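> sequence unavailable; structure follows:
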């Protein structure tokens with residue numbers, strides 16, 4: 001059976017243009033999620049969250065494949081929601097006070113029972129420190145504006161400013177949390193070639 005790449009199946013959500021903003025309808029999707037706070041560049045809890053999310057995502061994938069419970073698939077990329085508690089704006093320089101939810105999307109055929117089984121297996125083998133912080137739940141953003149950013153993470157600011165202007169000029173307002181999807185592995189890609197989907201849910205005033 002052919003392996004499914006959901007980034008390609010959901011290309012309108014995971015493969016936007018880098019040249020223009022687009023408005024997409026993001027349906028409810030299921031994620032493994034971990035919440036935290038602090039500078040992602042220095043926070044041990046952030047690194048532990050990523051380790052646990054990937055560890056469990058791969059364990060789920062192999063367990064589902066082994067048991068024939070659905071098609072084999074490529075594990076999805078890391079995603080992140082970013083905000084600052086008690087504030088409507090976002091200070092890109094005040095990283096110590098960032099709040100975040102790191103998450104990895106799971107295909108529709110992955111159930112809570114599959115996740116529970118994989119959690120037990122991962123706990124027996126490696127038991128990563130943040131595993132007990134992972135939750136499995138649906139997240140629904142609905143109408144959203146997005147674009148592909150190519151380059152270092154620290155250079156996203158001007159594009160996000162342009163995105164907010166686009167949202168305002170098209171009669172929308174910001175809704176929910178800033179969302180990023182990391183299509184590149186920063187350990188293997190040069191900073192100038194990093195690909196990141198920038199997404200902002202919107203609503204009508």
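On my side now, so go ahead. Quantities reported herein were computed from a predicted structural model and do not represent experimental measurements.

> can we go C-alpha only for contacts and neighbour counts from here?
OK.

> and the spatially most central residue of the chain, what helix or strand is that in?
Taking C-alpha atoms, centre = their mean, the centroid of the chain lies closest to residue 79, which sits 1.5 Å from it. When elements are assigned from DSSP states H and E, residue 79 belongs to strand 78-83.

> by contact count, what packs against that strand?
When contacts are defined as 3 or more C-alpha pairs under 8 Å, 6 or more residues apart in numbering; DSSP states H and E, strand 78-83 sits against strand 99-106, strand 178-182.

> picking that back up, mind listing the residues bridging to the residue nearest to the centre of the chain?
residue 103, residue 181 (DSSP bridges).

> that one is in contact with residue 54, isn't it?
No. Using C-alpha atoms under 8 Å, residue 79 is not in contact with residue 54; the gap is 11.3 Å.

> list residues touching both of the two?
The contact sets of residue 79 and residue 54 overlap at residue 104 (C-alpha atoms under 8 Å, 6 or more residues apart in numbering).

> so where is the chain shaky, pLDDT-wise?
Low-confidence segments of the chain (pLDDT under 70): 1, 89.

> for the lengthiest helix in it, name the packing helices and strands.
Counting by DSSP state H, the longest helix found in the chain is helix 44-67. Under the contact criterion of 3+ C-alpha pairs under 8 Å, 6+ apart, helix 44-67 touches strand 29-37, strand 99-106, helix 112-125.
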